[in-house]
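# Could you look at this predicted model? Sequence included:
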Amino acid sequence: KPSQFTIYISISTTMVSAPLTSIAIIAAIAPLCSAFAPSNSLLPARSSSSLASYLDGLSGQQPNTAPAAANTESTGFCHVPLDYFAFDNLSSKGPRSSCDWGTPQDWSRKLADDGVFRGGTWYCTEGGWPSPNGKATTEVFYVLEGHGMLGDADGTKHFFGPGDMVIIPKGHTGRWDVHTPIHKLWAVNAHDNIEETGPAIRVQVDHYKDFAPHCLADTSANDPLYGNTGCVSSASNTFYNVGPTSVGVWTCEPGSFEVACGERQWVYVVEG
């Protein structure tokens, strides 16, 4: 089993001339399994809070509507454009039976799974439900659209929306509330032990504003992902580093460098 699992948001310091589908890419460094078969079920209309729609407006381009297949030829690396997780490509999981308000229904699609590392997407309509059983894995997700709340066992509430990154540690109990339909990209680490301590295991939300350049520190000589990026400048901010799971934001100037050390990673490319 891997000793470390790393999840990072990636932002280049120089925007390149490229279509939106190459700016927003999911990457998982892990052996692949077959993704769920696309469902023909109709999904609700997209929320007006969609981060993807916002990025579409900034680029002045329409997203590519052609669904893309995962690169399943590689045993160590896969990447797909964001269209891979488009609504029409998700599989319905049906309504949630444990809800205490609303009528939440789930859709999902998996990208990779080797038994320890998994990554994919999840969509859910409005509703709420308790989560009394300890979470079996540590989950990190990036919110593409929608708003919601995750509650801890002691009633502490953590609200999140488009562009936010949310960490649910292994062992967490509490509740879920989906206030507007949520579409998220998720990755989980199935490590052995509950690493968090305290009277309540807490969710952590890192907001989109925390990814700004002034929030990052120059880590070129001690890069959290690659050790040393040489003459290519890089900067980062690690938001969460507990046990075998590390989460943060990373940016790099254009250039190339040798990778002397590498850990299993899930990366969402915001730009570049």
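Done, it's in.
# By mean pLDDT, point me to the weakest helix or strand of the chain.
Sorting the helices and strands of the chain by mean pLDDT, DSSP states H and E puts helix 20-23 at the bottom, at a mean of 24.
# Next, the residue nearest to Tyr208 when sequence neighbours are not counted: secondary structure please.
Nearest residue to Tyr208, sequence neighbours excluded (Cβ to Cβ, 6 or more residues apart in numbering): Gly163, at 3.1 Å. Backbone N, C-alpha and C define where each C-beta goes, glycine included. The local conformation at Gly163, judged by DSSP: H, G, I helix; E, B strand; the rest coil, is coil.
# Can you check the distance spanned by stretch 84-96, start to finish?
Start-to-end span of stretch 84-96 (Cα to Cα, to the nearest Å) is 24 Å.
# Show me which positions of that stretch end up buried.
By neighbour count on 16 or more other Cβ atoms under 10 Å, the buried set for stretch 84-96 is 84-87, 89-91, 96.
# is it possible to export those residues to CSV including pLDDT, secondary structure and distance to Phe77?
Below are these laid out as CSV (pLDDT from 0 to 100; DSSP: H, G, I helix; E, B strand; the rest coil; distance: Cβ to Cβ, whole Å):
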residue, pLDDT, secondary structure, distance to Phe77
Tyr84, 96, helix, 15
Phe85, 96, helix, 18
Ala86, 96, coil, 22
Phe87, 95, helix, 26
Asn89, 97, helix, 21
Leu90, 97, coil, 23
Ser91, 97, strand, 24
Arg96, 94, coil, 34
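# So the residue nearest to Leu90 when sequence neighbours are not counted versus Asp88, what's the distance?
Leaving aside its chain neighbours, Leu90 sits nearest to Trp107 (3.9 Å; criterion: Cβ to Cβ, 6+ apart). In this view, Trp107 and Asp88 are 10 Å apart by Cβ to Cβ, to the nearest Å.
# just Ser131 next, same as before
In this view, Ser131 and Asp88 are 29 Å apart by Cβ to Cβ.
# now swap in Asp210 and tell me
32 Å.
# same question, Gly119
Counting by Cβ to Cβ, the gap from Gly119 to Asp88 is 20 Å.
# How about His214?
Per Cβ to Cβ, His214 is found 39 Å from Asp88.
# Ala136 now?
Taking Cβ to Cβ, one finds Ala136 at 30 Å from Asp88.
# Also Ile167?
The gap separating Ile167 from Asp88 is 29 Å, by Cβ to Cβ.
# and if you look at Gly227?
Shown here: Gly227 relative to Asp88, a distance of 41 Å by Cβ to Cβ.
# now Gly255
Taking Cβ to Cβ as the measure, Gly255 falls 38 Å from Asp88.
# What count of nearby residues applies to Val203?
For Val203, the count of nearby residues is 21 (other Cβ atoms under 10 Å).
# Surely it and Trp176 touch.
No: the criterion here is Cβ atoms under 8 Å, and Val203 misses it with Trp176 at 10.2 Å.
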